[in-house]
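> Take this sequence and fold it.
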Amino acid sequence: MENKMGSIDFRKDFPFFESSINKGLVYFDNAATSQRPACVNRAVEDFNNFNNANPLRGLYDLSVRATDLYENARAKVAAFLNAPSDSHIIFTRNATESLNLVAYTYGMAFVEEGDEVVISAMEHHSNILPWQMVCSAKKARLVWLECDASGIIPASEWQTKITAKTKIVSVAHVSNVFGITNPVKEIASYAHKVGNGGKGAVMIVDGAQSVPHMKVDVQDIGADFLAFSGHKALGPMGIGALYAREKFLEQMPPFLRGGEMIEYVTRESATYAELPHKFEAGTVNAGGAVGLAAALDYIEKVGFDFIEKNDNALAAFIMNGMKTIPHVHVIGNDDPDRHCGIVTFTIDDVHPHDIASMLSSENVAIRAGHHCAQPLMQKLGVGSTARASVYFYNTQKEAEVFLEKLSGVRKWMGLS
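Predicted structure coming up:
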């Protein structure tokens, strides 16, 4: 398997892989953060070197240029997600901040005593803690959609647990542990019909793991809100985005207050800026937004057909290889096509932290721990797991090295 599109070798576009510092490193921690192509680094550097000014308010040419680049980046994100307009996109630091924004604004403003908020058992902590806070503050009830050991949420779960009392449903599009793609379109459709006394519950989608790996159309899946992080999608750290339906943004109070998000201030009150700037207080991360736009452009050049094909092929190769290694157990679905390039596993009698440490000594980088999904770990009966996660620039040769090193872990631990 060669990571090429025509005659283009993707890895040559990434300084990370070309550097002698990282020579021979197998980087299989892409679910935590992806590497960046040179064009992304260059876009950020060009902004900082040649276009650096505080955007949005300045009337001089440089500030206008910075504003145009920032707003062009917003337009890129809107088009990438098929949002109806640019005003549906709010720039944040990451998916965590986006989900907290929704919880602190929509959640605290509209959830009432006796309401229910529905999440799944496989959520990242960033999609659990904000809703625990809302439910505690508003005397609402947090309801969990359970999954089976393969990661599948049965339809009976949302058809029985989403009720007229449901005000909000918030579910990960792709699990960062199982890698499974949840049926968010079907869940959203049901929530919109049944929730909130028949007026429709609000559907929030955590797209942190899906947006980099598959075409996400927010209108098609019925998302009222969708959050994702740039750093998992070839972009810089410290930039993310929240998609939101305009009618909700108009109803919601601001998340933060101060510069840029106001229209007019008196000693007694203030009027807020038009959408989306109402939710972007203070000096924005314009360079990060420009870098994110360049990252999304690059993803489109690679194409989701190739990305999904490579994710699935590498997951299949890794999972099939693991079957030949005694004492290794894959967590989740048996079908590699349902892993989105994420293979989470355990080894009998070896702590996942030891697995990761020993592989690191062999120049293989994987993740180990609870993956910010402790309720799921508790459900699975494990304290932590190891996780290998791939992206389109990873190769079968790297997977072969990973499996070879993995096969020696128990021996290194003095186990048979």
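
> Give me the neighbour count for D86.
17 (other CB atoms under 10 Å). Any C-beta I mention is one placed from the backbone N, CA and C, and that applies to glycine too.

> Might you report the residue contacts of it?
Residues in contact with D86, defined by CB atoms under 8 Å, 6 or more residues apart in numbering, are 71, 74-75, 78, 276.

> do you know how far it is from R74?
Computed as CB to CB, to the nearest Å, the D86 to R74 distance reads 5 Å.

> what do you get for D297?
Relative to R74, and taking CB to CB, D297 is found at 14 Å.

> if we can go back for a sec, so which of the contacts of D86 belong to helices?
Those of the contacts of D86 mapping onto helices are 71, 74-75, 78, per DSSP state H.

> ok, back up a step: now tabulate the contacts of D86 in CSV and tack on neighbour count.
Formatted as CSV, those follow (neighbours: other CB atoms under 10 Å):
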residue, neighbour count
E71, 15
R74, 23
A75, 14
A78, 20
P276, 22
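
> State the pair within the residues you listed that is farthest apart.
A75 and P276 (11.6 Å; CB to CB).

> what distance separates the start and the end of stretch 282-291?
From its first residue to its last, stretch 282-291 covers 19 Å (CA to CA, to the nearest Å).

> Give me the buried positions along that stretch.
For stretch 282-291, the neighbour count (16 or more other CB atoms under 10 Å) marks 284-291 as buried.

> Stretch 319-332: how far from the chain's middle?
26 Å (CA atoms, centre = their mean, to the nearest Å).

> Provide the contact partners of it at residue level.
Looking at what lies outside stretch 319-332 - CB under 8 Å, 6+ apart - the contacts are 149-151, 175, 177-180, 336, 338-339, 343-349, 380, 382, 385, 399-400, 403, 406-407, 410, 415.

> who touches both of D86 and R74?
Counting by CB under 8 Å, 6+ apart, the residues touching both D86 and R74 are P276.

> which regions of this structure lie under the pLDDT threshold?
1-8 (pLDDT under 70).

> Just want the most central residue of it.
Taking CA atoms, centre = their mean, the centroid of the chain lies closest to A208, which sits 0.7 Å from it.

> Quick check: closest non-adjacent residue to that residue.
Nearest residue to A208, sequence neighbours excluded (CB to CB, 6 or more residues apart in numbering): A95, at 4.2 Å.

> got the contact list for the one you found?
A95 touches 126, 206-208, 227-229, 240, counting by CB under 8 Å, 6+ apart.

> Switch those over to TSV; also include secondary structure and distance to E246.
Formatted as TSV, the contacts of A95 follow (DSSP: H, G, I helix; E, B strand; the rest coil; distance: CB to CB, whole Å):
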residue	secondary structure	distance to E246
S126	helix	24
D206	strand	21
G207	coil	18
A208	coil	23
A227	strand	17
F228	strand	19
S229	strand	23
G240	strand	19
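
> Show me the beta-bridge partners of the closest residue to F28 other than its chain neighbours.
Using CB to CB, 6+ apart and skipping residues adjacent in sequence, the residue nearest F28 is A388, 4.2 Å away. Counting by DSSP bridges, A388 is bridged to V343.

> From K161, how far out is P154?
Between P154 and K161 the computed distance is 11 Å (CB to CB).

> for P130, same thing?
From P130 over to K161 (counting by CB to CB), the distance is 19 Å.

> Compare the two and say which is more crowded by neighbours.
P130 (23 against 16).

> nearest residue to the more buried one other than its sequence neighbours?
Leaving aside its chain neighbours, P130 sits nearest to A103 (3.4 Å; criterion: CB to CB, 6+ apart).

> OK, contacts around the one you found?
Residues near A103 by CB under 8 Å, 6+ apart: 130-131, 133-134.

> Filter those down to the buried ones, PyMOL style.
Restricted to buried positions by 16+ other CB under 10 Å, the PyMOL selection for the contacts of A103 reads:
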select buried, resi 130+131+134
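
> Tell me which entries of the contacts of A103 lie within helices.
Counting by DSSP H, these place 130-131, 133-134 in helices.

> and of these, the nearest to L234?
Nearest member of the ones in helices among the contacts of A103 to L234, counting by CB to CB, is P130, at 26.4 Å.

> Please report how far that closest one lies from F225.
Per CB to CB, P130 is found 12 Å from F225.

> Now do the shared contacts for those two.
Common neighbours of P130 and F225 (CB under 8 Å, 6+ apart) are V102.

> Just put the ones in helices among the contacts of A103 in TSV and tack on distance to I21.
Shown next, in TSV, are the ones in helices among the contacts of A103 (distance: CB to CB, whole Å):
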residue	distance to I21
P130	38
W131	41
M133	41
V134	44
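
> between those, which is closest to C372?
C372 lies nearest to P130 out of these, by CB to CB, at 13.1 Å.

> just checking, the closest one touches T105?
No. Counting by CB atoms under 8 Å, P130 stays clear of T105, with 10.8 Å between them.

> list residues touching both of those two?
Common neighbours of P130 and T105 (CB under 8 Å, 6+ apart) do not exist.
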